[in-house]
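# need a structure here:
(chains A, B, C and D)
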There are 2 protein chains.
Amino acid sequence: MPQRRVARRRLTAADWAEAALDALRDEGSLSAIAIEPLAARLGATKGSFYWHFANRDALVDAALAGWEARSTEELTEAVAAGEDEPVVRGRELLRTMTGLAHRDPTELALLAEAGQPRVAAALERVISRRLDALAALLETELALPREEARSRALHAYCDQLGRAQLARAIPAVLPEAADDEETAIDSAWHALLGAAAGGPGGG
Amino acid sequence: MPQRRVARRRLTAADWAEAALDALRDEGSLSAIAIEPLAARLGATKGSFYWHFANRDALVDAALAGWEARSTEELTEAVAAGEDEPVVRGRELLRTMTGLAHRDPTELALLAEAGQPRVAAALERVISRRLDALAALLETELALPREEARSRALHAYCDQLGRAQLARAIPAVLPEAADDEETAIDSAWHALLGAAAGGPGGG
DNA sequence: ATATCACCATACGCCTCCGCATGGTTTTAA
DNA sequence: TTAAAACCATGCGGAGGCGTATGGTGATAT
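Numbering: from 1, shown residues only, chains lettered A, B, ... in the order given. All right, here's what the predicted structure looks like:
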C-alpha cells in the first residue's frame, strides 16, 4: 500500500510557518499552533514537521517572525507613502497601524499571550516602531513638542487598540457607526488633533 | 491506610469557583481553569469536583458569574459614592472602571477569549454597565448632549483599555510616568474634558 | 447505635497533543 | 542506474486533561 494515493507537493519549513500563521489568525489563539492539527490541515503527518523543525517552539518562533516581518513591512510602506498633506498622512499612518488589529485577530491574540517572552519581544518591537513613526510625524510635520507628540500618539494608539478589542469581543457595546473602522479612525484622529488646545498632555 | 492524614475542611461549590477565579487571575488564561490542577491546588481530587459540578463548563460559568458579580458591585459602589465635584466623581468613576484592567489580568484574559459565547455575554453586561454609568454622568452632571457623552465615554474607556493592555503586555513602550495607573487615568480624563472645545465627536 | 446521606479518594478508559525512532519513498547527483 | 540525500508515514511512549464508576469515610439523624 503506497503512502500517498495522489501526488502531493512536498512541504517546506515556510509552508509550515505559513500554516501556523493561518491557524493563529483563524483560531485567534497561540494554542492553535499545534503540530498534529496543522499536519492534518496540510494533508501531511508529524513526520514532515519534525524534519523541518526541532519542536513546537521553533514553529511558534517562525510564525512570530513572519508576523513581525509582515507588520513591519506594512508600516514602512505607510511611512514611505509620499502623501500630500501631513494631516492626511497622519491619518493614514494611524489607519495602517491599527488596521490589522481591526481586521485580523492575530495581533490581539498575541497581546493576550504576551506572557511568553518571545511573544512580548516581537510585540514590543512592532509596537515601538509604530509609536515612533506616529510620534515622529506629529513632531516634524505638525511641529508638536517631542513629549506632546509622544503622548498624543500613545493616546490615539491606545484608543484604537481598545476599540479594536471591544469591536472584536463585544461589538454590541459600540454604537452603529463606530464599529466601522473608518469612522473609528476618524474619531481617534480628530480627537488627537482636537486636543491640541486642551488640557495637560501628561502621560 | 487512611485517605487523609490530616483533617481538612470539606469543600463547597463556592470553594471551587473561587479557586477557578484565582487560577484565572494568576495564570491570565481561561485554560487555567482545569479540574485536575485545581484539585491539586486545593489539596483534593476530582472526586470532590464532580460532586459539586456537572463538568468543566459549569465551573467556568460559575467563575464568570463570580467575576461579573464582583465587577458589578464595584461599579455600583463607585456610582453611589456621593462625591462632591462632578469632575472628581467622573475621574473616580473612570478609575474604578479601568482599575481592574490595570491591576488584574482577569479582564484582559476574558477579552481575549470572548470567542466563547458565555464569556462574551458576561463581558458585554459588565462593560455596557460601565459605559452607561460614565456616559450618564457626563450627560447629567456635565450637561453634555447624549451622543457626545457616549462618544467621549467610549473614547476614554478604550484609551484606558488599550493602555492597560500595553502596560501588561509590553510595559517598555510606555513612558516612565505613564505606567503608573494614576497618571494614566489623569491623562485620559483630562483628554476627555479637554476635547470639549475640539473637533467632531463622531463615533 | 446504626442507617442514611453528603462528600470524597482511587482507579480506570478515553482523548489530544508532544516528541522520537524507524523505515520507506522520492529526488538529486554521480 | 545506482548511491546518497532529502523528505515523509507510521507507530510508539509519555504527559496531561476530561469524565465515570465504585467504594470508602465523615457527619447526621433517628
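# Check the burial of the residue of chain A found nearest DNA strand D by counting its neighbours.
Residue nearest to DNA strand D within chain A (C-beta to the nearest atom of the strand): A:G47, separated by 1.7 Å. Heads up, the C-betas are built off the backbone N, CA and C, glycines and all. Look at A:G47: counted by other C-beta atoms under 10 Å in any protein chain shown, it has 9 neighbours.
# How much space separates it from A:L11?
Using C-beta to C-beta, to the nearest Å, A:G47 is found at 11 Å from A:L11.
# Wait, A:A191 touches B:H155, no?
Yes. In this structure, A:A191 is within contact of B:H155 by C-beta atoms under 8 Å, at 6.0 Å.
# show me where chain A has strands.
Taking DSSP state E as the criterion, chain A carries no strands.
# where does chain A dip in pLDDT?
Scanning chain A for pLDDT under 70 picks out A:1-8, A:83, A:177-179, A:195-203.
# mind running it again at 80?
Counting by pLDDT under 80, the ranges of chain A that qualify are A:1-8, A:82-84, A:100, A:176-180, A:194-203.
# would you list every one of the helices in it?
A:13-27, A:35-42, A:46-52, A:56-80, A:86-103, A:105-112, A:117-140, A:146-169, A:181-194 (DSSP state H).
# how about the longest one, does it reach DNA strand C?
The one in question is helix A:56-80. Yes. For a cut-off given as C-beta under 7 Å from any atom of the strand, helix A:56-80 has contacts with DNA strand C, namely A:56-57.
# ok and that helix relative to helix A:86-103, angle-wise?
Calculated by axes from the mean of the first three to the mean of the last three C-alpha atoms, to 10 degrees, helix A:56-80 forms an angle of 160 degrees with helix A:86-103.
# Show me how far helix A:56-80 is from its chain's centre.
What separates the centre of helix A:56-80 from the centre of its chain is 9 Å, taken as C-alpha atoms, centre = their mean, to the nearest Å.
# So that helix, near chain B or not?
No. Helix A:56-80 is not in contact with chain B by C-beta under 8 Å from any C-beta of the partner chain; minimum separation 13.1 Å.
# List the buried residues of that helix.
A:59-64, A:66-68, A:71, A:74-75, A:78-79 (16 or more other C-beta atoms under 10 Å in any protein chain shown).
# And the shortest one, by the same measure?
Of the residues in helix A:46-52, those buried by neighbour count under the rule 16+ other C-beta under 10 Å are A:48-49, A:52.
# so what secondary structure elements neighbour it?
Judged by 3 or more C-beta pairs under 8 Å, 6 or more residues apart in numbering or on different chains; DSSP states H and E, helix A:46-52 is in contact with helix A:13-27, helix A:35-42.
# What are the contacting residues of the longest one?
Around helix A:13-27, the neighbours that count as contacts under C-beta atoms under 8 Å, 6 or more residues apart in numbering or on different chains are A:30, A:32-34, A:37-38, A:41-42, A:48-49, A:52-53, A:59-60, A:62-63, A:65-67, A:104-106, A:109.
# Check stretch A:30-44 too.
In contact with stretch A:30-44 (C-beta under 8 Å, 6+ apart) are residues A:8, A:11, A:15-16, A:19-20, A:23-24, A:26, A:45-46, A:48-49, A:56, A:59-60, A:63, A:109-110, A:113, A:116, A:119, B:31.
# Quote the end-to-end distance of that stretch.
Using C-alpha to C-alpha, to the nearest Å, the end-to-end distance of stretch A:30-44 comes out at 21 Å.
# does it come close to DNA strand D?
Yes. Judged by C-beta under 7 Å from any atom of the strand, stretch A:30-44 comes into contact with DNA strand D through A:39, A:43-44.
# Narrow those to just the buried residues.
Buried by 16+ other C-beta under 10 Å: A:39, A:44, out of the residues of stretch A:30-44 next to DNA strand D.
# from the residues of stretch A:30-44 next to DNA strand D, which is closest to DNA strand C?
The shortest gap between DNA strand C and any of the residues of stretch A:30-44 next to DNA strand D belongs to A:A39, at 8.0 Å (C-beta to the nearest atom of the strand).
# Count residues in the vicinity of A:A172, would you?
Applying other C-beta under 10 Å, I find that A:A172 has 12 neighbouring residues.
# Chain neighbours aside, what residue packs nearest to it?
With sequence-adjacent residues excluded and distances taken as C-beta to C-beta, 6 or more residues apart in numbering or on different chains, A:A172 is closest to B:E124, at 5.7 Å.
# ok, now A:L138?
What sits nearest to A:L138 in space, not counting adjacent residues and going by C-beta to C-beta, 6+ apart, is A:A149, at 3.8 Å.
# do A:P86 as well
Using C-beta to C-beta, 6+ apart and skipping the chain neighbours, the partner closest in space to A:P86 is A:E141 (3.5 Å).
# got it, and A:L134?
Excluding the flanking residues, the one nearest A:L134 by C-beta to C-beta, 6+ apart is A:A153, at 4.1 Å.
# got a list of what the one you found touches?
Contacts of A:A153 (C-beta under 8 Å, 6+ apart): A:131, A:134-135, A:138, A:192.
# between the residues of stretch A:30-44 next to DNA strand D, which is closest to B:D186?
A:A39 (51.8 Å; C-beta to C-beta).
# so how far is A:A58 from that closest one?
Counting by C-beta to C-beta, the separation of A:A39 from A:A58 is 15 Å.
# Next one: A:E141 relative to A:E85, how far apart?
For A:E141, the distance to A:E85 equals 9 Å [C-beta to C-beta].
# neighbour count winner among those two?
Using other C-beta under 10 Å as the criterion, A:E141 and A:E85 rank with A:E141 on top: 14 against 9.
# Thank you, goodbye.
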